[in-house]
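[1] I need the structure of the sequence given here:
(chains A and B)
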There are 2 protein chains.
Amino acid sequence: MKNYLIHDEWKVIEEGFVPELNRITESVCSLGNGRMGQRANFEEKYSGDTLQGSYVAGVYYPDKTRVGWWKNGYPEYFAKVLNACNWIGINVTVNGVELDLATAKVIDFRREMNMQHGILTREFTAELTNGNVVKVKSERFMSMAKAEAGAIRYSVEAVNFDGEIEFTPYLDADIKNEDANYDEKFWTEVVRAVGNTEGYIVAETRKTLFHVATGMKFKAFLGADELELAPTMNEREKYVDNQFKVTVKSGETVTIEKYAVNLSSQFYTKETILEEAQKVLAEAVAEGFDALREAHVNHWLAKWEESDIRIEGDVAAQQGIRFNIFHLNQTYTGKDAHLNIGPKGFTGEKYGGSTYWDTEAYCLPFYLSTANEEVARNLLVYRHNQLDRAIENAEKLGFSDGAALYPMVTMNGEECHNEWEITFEEIHRNGAIAFGIYDYIRYTGDKDYLAPLGFEVLLGISRFWSQRVNFSNAKKQYVMLGVTGPNEYENNVNNNWHTSTMAVWTLKYTLEAMNFLKEKHAATFEEVKKKCNFDEEAETARWNDIIENMYLSEDKELGVFLQQDGFLDKEILPVAELDPKHLPINQNWSWDRILRSCYVKQADVLQSMFWFEDDYSREQLERNFNFYEPITVHESSLSPCVHSILAASLGKEEKAYEMYVRTARLDLDDYNNDTEDGCHITSMAGTWMSVVYGFGGLRVKEGKLHLKPFIPSQWSAYSFKMVFRGAQLKINVTQEGVTIENHSDKQIEIVLDGENTVLAANASVTK
Amino acid sequence: MKNYLIHDEWKVIEEGFVPELNRITESVCSLGNGRMGQRANFEEKYSGDTLQGSYVAGVYYPDKTRVGWWKNGYPEYFAKVLNACNWIGINVTVNGVELDLATAKVIDFRREMNMQHGILTREFTAELTNGNVVKVKSERFMSMAKAEAGAIRYSVEAVNFDGEIEFTPYLDADIKNEDANYDEKFWTEVVRAVGNTEGYIVAETRKTLFHVATGMKFKAFLGADELELAPTMNEREKYVDNQFKVTVKSGETVTIEKYAVNLSSQFYTKETILEEAQKVLAEAVAEGFDALREAHVNHWLAKWEESDIRIEGDVAAQQGIRFNIFHLNQTYTGKDAHLNIGPKGFTGEKYGGSTYWDTEAYCLPFYLSTANEEVARNLLVYRHNQLDRAIENAEKLGFSDGAALYPMVTMNGEECHNEWEITFEEIHRNGAIAFGIYDYIRYTGDKDYLAPLGFEVLLGISRFWSQRVNFSNAKKQYVMLGVTGPNEYENNVNNNWHTSTMAVWTLKYTLEAMNFLKEKHAATFEEVKKKCNFDEEAETARWNDIIENMYLSEDKELGVFLQQDGFLDKEILPVAELDPKHLPINQNWSWDRILRSCYVKQADVLQSMFWFEDDYSREQLERNFNFYEPITVHESSLSPCVHSILAASLGKEEKAYEMYVRTARLDLDDYNNDTEDGCHITSMAGTWMSVVYGFGGLRVKEGKLHLKPFIPSQWSAYSFKMVFRGAQLKINVTQEGVTIENHSDKQIEIVLDGENTVLAANASVTK
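    Model (predicted):
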């Protein structure tokens, strides 16, 4: 755990340069706009430790799989998030000495990410090896209003010298991924062009053949006066620059405004992408830095209007939750149904591939509550778009007749992961994808999504479950053998309760969806039946048989559901009684020891109990929580939130807060020593859920919003904003009570603390 | 399955060159002498497909592990069997055109391995691109009598031309492993020297720093006349040669006698290894090709005297079984307790590391029955030598207090494998190592081996079992969670019956061994107690508790032991009822499908039932055999032999023969399409067991040899030779009856078909 970033309600601040933590700060202060992202790397050369990273959403490379021991069914490749063209670079030489904070003496330094405005600034004073002192300010953003554009304002003041400062704004696509299995470069050049104060590179990814057109144009000013430039233009493969010198006197400042665009062939045709890039760049330049900036800031201010959480009396918590909301909104804006939310977003390369079950299980609720329904709907459509690939994936594993298994990790719908116990067996993910459809419809009321998109996905998943179970002659019930639950500290177990529960639930929900289609969208249903060769009678008969005869293991004496067969053969010892030197067990124990221990990595039985809370009595919830939580090590950042929400629901407020705190500042404090690789974007949504679902008690039941807020004793007040079916609400919670403001013109009836409450348009209620 | 090698009782013959199967022939016709080995590569250059391979026993390289997903506890490296200096090379150029069978027109060709004599010959006639026709004969062997030496006689006849033939005998240590994880070379040069008709290279393995000194010396003859040579001497890093031309007339023959030695720093000090190599080489040269050859052949004839199996009426079977015996004797001669039997022997690189549980489970019985007891004893001492490493290995996995876990794969005692489900969980291997001690003592009567070597190993293994089980509150018995049995088509199961059975048996046998020590070697026992911190009272109390309360799953209704918990939840469908297109399942099914199927890769429950046959009634054996064999796919070459023996024991003679046939010619017919990588050396011992333990009915009970031979209806007669406690026996079986000859001066009482039978010295009995 680190504690070097200054606590502030709206900003993340590094005061004084900490080179040894530079990679962490680079991750934390990454900027993005849903279409592209950029780590908080320096504009000028930096020869110290850094992970250069510029990312273009959806652009990946299928790196050849690295595997020790091949297992049948493994994919041949692993999609890697690609480091793309460096567009921020501006090298600076002062009287012949290169500005490089690794060699200069840093007199002062401040890097600051303003989350309210989505702007990264940096200010430093440095003395170069020739004694020249410069004061540098940089400011940059990736426009939320104009998603392909980014802009930088970079100024250098000659503090104590007269002479020449040379600037080299450049584009460099000759870059590498650190995370490359065979140390290869993934980009080839299609075309490059360099002109006076501008440059362009169109680069192509190997194998996937994405084209990305990157363009830059810049202006330079001495004081307030724009300079006429006649730079030297340099180019080599995948690289272009402009080099020019400015003569300065002590006290004078040179400012560069660098505009850049990144266009991807996902949205433009390859034939015209360079022209388009030139056009978009020209527009940005015409608009000018300040206007671009203003539009961008306004976009953020509006976003916060929808999604802010305010915590009073705890600056660290305030910063933590806004940090999470900020990154979630940077990573996914919901405009495109073929993009998704990578576990590292635009903050690093690791965990190649972008889409995990995290999307449905953790992220979807955030976007449902903080954006219009189109955003969450696009996450669902993404899965529908990949349904054919999910069917192919299941076929590779021996399934047939339209059974669909969504991949554990994917970029384009194909599986990218290759650990047999995960890839082939952690199939509860299929249930999460089905649940996402249910969750979306429950929240938005958009039941028509089932006709046919939602239903087609549910059908594929139900067919998978139906083939994946087998009838046990010994148990005279259906069993599900060889699975891995969300608790990945158990592999290849039989009858994981969560997975089997999800299977039964999916079958039921698919039948419900089918009946809805038959009733309300009969023609569509007939089309789907034909298209999918759906044998309604035979298939639903089997589904019903499975629903009625599925083995779901329970220990009647303890009154708990059993995570898997044989769970009670283990030595059950609470984590609290383990010698702390063993923790985290994933760093201290060999894998087999972890597997045969009772310790739970993240919510497993409790995951489906959380999702289907109303199907269980409070006593059941409590018994299972009291059994599993004490043996849970929460060694996944996705674990605490579910426990926090359940604890809140059970009135265990201290426990709920304890769980919330575990991930609230995960990246800001580098809690797991891995933020240097990038931030934990999807778990940020979990932390958000801890506040809104946990402390706020948000639920949706039968079309109605339920709230049941409490306030942790550590806080004096908090509030959160959310949208629900067109209403925009702000929930204020203090130690004294709750006020709910309706910031919209729509009257809404909610259930507050169990009581029906009408919230008139633009009114509020207090309780 | 291929069928291109000519069936012959004593030889393996390739008649007519088959370039596309060259790698297979190279594997099959590999030569070795326990200290080094050589694939049947050509002496002259061959630019076609070949796997060049020369191996020096015990010399390995710790290649950096390649792994997709790291699991705690994995070793950092993987020992690779090393391709070593090429010492056979003699390049030939005829009137300026290089002799290369990939470019020449091959008129006739015969490659022949004489197993009776241990000699590889090759004869061919080839027309070069310049029209010159040569007739080449080569003959080579790796001396069994002088284990560091090999010799080649290589002659070229000018069939249709006058002119110049250039010869280049060379040594080349600038070679690569095909099986290298990161494409690195593993050898560096220490020193090289080249002289007139001789050359030397001392090469060092990187990291492990073995030195291997290779020397060559040669003579050349025109017809019968030795030539005076003044060759050009060439050298470069890791390479030396001599180049010389001989003027020939049509019909004349030039013959090269090339002598070579390989000395390893395992047996010589690095400082003097070059001198020693020169000395050994000089001795070999002085002895001369014919004398060396004769001593070598005599050694083989004597070996066959001890270990031959003769099968009449089935040449293919005869060739197959001799092929197996030949390779087993080439691979391990039992002279050194730090060598062992690699799964590929000296026939290929694959499966880096040399020692698997195959050694104890399959190979030990062969060496017990066909060599003096020192040979088998050295295999046991090998494990004792590595006991400390086995303790360290267990410590890495969280065990303590002297618990020992022998590695799955090892070269020097350290684990070399990294598949968690195998490396950490296939722990029954520990039981096999304990069983090896028992088996050795049972066969030889050398009970004193327990004091202290055997006991120390048993103690370490028992301590491991004692820590590896845990008490299940649910079952009120000890359970063994998270293991993989010999049937690797099940991973991470609970209570694998075989593993638990081996654990209980080890504990019992260790107690028995302890009592023997206390009684017969009291002082030694006290020393061991002290050395190993053995808390006799506490430790044996726990062992006894486990022995009495171990959970061993059995289905009373079916009357079978259950391979693991939940086995009967599977769909049980005999292999015979599977659509054959699914077979082998390891090529046609994804890994998860294999895992959740009922199909058994190799004997699992039946492995310990075979080992402890007398602990079970015939009915129990039969029920379990009838339950498991039909669902066994025998996709390990180690599977059929156990089933063959059990089938024989149960009177299922046809089944026994069917199982025997499955591996009898595994490599000769390239049954699994993988002989190009090398031969399946350890499974050859299994095939041998099928004949001797299966058809011959060999058992040892209470110090007595039991035999109960039958003859498969496909054969007219067979006989096998064996040694038992100083007696040398030949068992002849025909369709009419059995004759047992005692070829030794020792009278022996055996149990033949259940009846005590006295075999006087040098006498025979017929039944």
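
[2] let me know the average pLDDT across stretch A:153-167.
    Stretch A:153-167 carries an average pLDDT of 98.

[3] distance between it and the chain's centre?
    On the basis of C-alpha atoms, centre = their mean, to the nearest Å, stretch A:153-167 sits 39 Å off its chain's mean C-alpha point.

[4] quick one, grab the pLDDT at the closest residue to A:Met408 other than its chain neighbours.
    In space, and not counting its chain neighbours, A:Met408 is closest to A:His417: 4.5 Å by C-beta to C-beta, 6 or more residues apart in numbering or on different chains. The C-beta positions use only the backbone N, C-alpha and C, and glycine is treated the same way. What the model reports as pLDDT for A:His417 is 88.

[5] most remote residue from chain A's center?
    Distance to the chain centre peaks in chain A at A:Asp162, reaching 47.8 Å (criterion: C-alpha atoms, centre = their mean).

[6] might one say that that residue is in contact with A:Ser250?
    Yes. Shown here, A:Asp162 and A:Ser250 form a contact pair, counting by C-beta atoms under 8 Å, at 5.6 Å.

[7] look up how far A:Lys80 lies from A:Ser265.
    Between A:Ser265 and A:Lys80 the distance is 18 Å, computed by C-beta to C-beta, to the nearest Å.

[8] one more: A:Val248?
    43 Å.

[9] go on, A:His521?
    A:His521 is 41 Å from A:Lys80, by C-beta to C-beta.

[10] higher neighbour count, those two?
    Per other C-beta atoms under 10 Å in any protein chain shown, whichever of A:His521 and A:Lys80 has more neighbours is A:Lys80, with 23 against 18.

[11] that's a strand at the more buried one, yeah?
    Yes. A:Lys80 forms part of a strand when assessed by DSSP: H, G, I helix; E, B strand; the rest coil.

[12] what pairs with it across the strands?
    A:Tyr61 (DSSP bridges).

[13] for it, give me its contacts.
    Contacts for A:Lys80 (C-beta atoms under 8 Å, 6 or more residues apart in numbering or on different chains) come out as A:Tyr60, A:Tyr61, A:Pro62, A:Asp63, A:Asn177, A:Asp179, A:Ala180, A:Phe186, A:Glu349, A:Gly352, A:Gly353.

[14] for A:Leu595, which non-adjacent residue is spatially closest?
    Closest to A:Leu595 by C-beta to C-beta, 6+ apart is B:Gly482, at 4.8 Å.

[15] correction: the previous question concerned A:Lys655.
    Nearest to A:Lys655 is A:Ala647, by C-beta to C-beta, 6+ apart, at 3.9 Å.

[16] quick one: residues in contact with whichever strand or helix holds that neighbour.
    Using DSSP states H and E, A:Ala647 sits in helix A:639-649. The contact list for helix A:639-649 (C-beta under 8 Å, 6+ apart) reads A:362, A:601-603, A:606-607, A:609-610, A:613, A:621, A:625, A:629, A:632, A:634, A:653, A:655-660, A:662-663, A:683, A:686-687, A:689-690, A:693-695, A:697, A:710.

[17] check stretch A:701-711 too.
    Contacts for stretch A:701-711 (C-beta under 8 Å, 6+ apart): A:445, A:614, A:648, A:653, A:695-700, A:717-718, A:724-725, A:731, A:733-735, A:738, A:740, A:748-754.

[18] could you redo the last one with a cut-off of 7 Å?
    Applying C-beta atoms under 7 Å, 6 or more residues apart in numbering or on different chains, the contact partners of stretch A:701-711 are A:445, A:648, A:653, A:695-700, A:718, A:724, A:731, A:733-735, A:738, A:749-753.

[19] cool, stretch A:517-532 as well?
    Residues contacting stretch A:517-532 (C-beta under 7 Å, 6+ apart): A:Gly402, A:Leu450, A:Ala451, A:Pro452, A:Phe455, A:Glu456, A:Leu459, A:Phe534, A:Glu536.

[20] of all those, which comes closest to chain B?
    Lowest distance from chain B to the contacts of stretch A:517-532 (C-beta to the nearest C-beta) belongs to A:Gly402, with 17.9 Å.

[21] surely the closest one is in a helix?
    No. With three-state DSSP as the criterion, A:Gly402 is located in coil rather than a helix.

[22] I'd guessed it sits against A:Ser462; true?
    No. When contacts are counted by C-beta atoms under 7 Å, A:Gly402 is not listed as touching A:Ser462 (9.9 Å).

[23] those two: who's more crowded?
    A:Ser462 (30 against 21).

[24] so what's the residue of the stretch 51-200 of chain A found nearest chain B up against?
    Closest contact between the stretch 51-200 of chain A and chain B, by C-beta to the nearest C-beta, is at A:Gly73 (3.2 Å). Counting by C-beta under 7 Å, 6+ apart, A:Gly73 makes contact with A:Lys396, A:Leu397, A:Phe424, B:Ser590, B:Trp591.
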